[in-house]
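**Q** have a look; sequence and predicted model below, questions after that.
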Amino acid sequence: MSQPERRLPFVADEAKFSTQRLVTYVILIIFASVVANVLVGQDQAERSTIIQTVINFAMLSIGFWLGTSKGAADKEVSAARILESAVPKITPQPKGD
């Protein structure tokens, strides 16, 4: 008689995303500490550069999310068109007496 499996199934996607999440948090913490260090300092050139970098990252992020949303919407429309052309239309035949 075999025993039921007690281990949870290994899901590779979850492991991959947990690693990505950890790396993302580490990068964000490093970036935030560098920004805080520069903004506390007195060097105006560094402050100006880091503020411009933050603005650039914000614009890239907004562009990415808007572009991703637009791409997903376009993909759905294309898939609907392909499906519409691939599936034959069935018209009901009039019933004759």
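**A** Received, thanks.

**Q** state the mean pLDDT of stretch 71-88.
**A** For stretch 71-88, the mean pLDDT works out to 80.

**Q** what mean pLDDT does stretch 30-49 have?
**A** Rounded mean pLDDT across stretch 30-49 is 92.

**Q** ends of that stretch, what's the gap?
**A** Using CA to CA, to the nearest Å, one end of stretch 30-49 lies 17 Å from the other.

**Q** same question for it: list its buried residues.
**A** Burial within stretch 30-49, assessed by neighbour count using 16 or more other CB atoms under 10 Å, is assigned to residue 38. From N, CA and C alone the C-beta is placed, and that goes for glycine too.

**Q** contacts for that stretch?
**A** Where contact means CB atoms under 8 Å, 6 or more residues apart in numbering, the residues beyond stretch 30-49 that reach it are 50, 54.

**Q** if you set the cut-off to 10 Å instead, what comes out?
**A** With CB atoms under 10 Å, 6 or more residues apart in numbering as the test, stretch 30-49 has contacts from 50, 51, 53, 54, 57.

**Q** I'd like the distance from that stretch to the chain centre, please.
**A** Chain-centre distance of stretch 30-49: 28 Å, with CA atoms, centre = their mean, to the nearest Å.

**Q** same deal with stretch 48-63?
**A** 19 Å.

**Q** same check on stretch 61-71?
**A** Here stretch 61-71 is found 9 Å from its chain centre; the criterion is CA atoms, centre = their mean.
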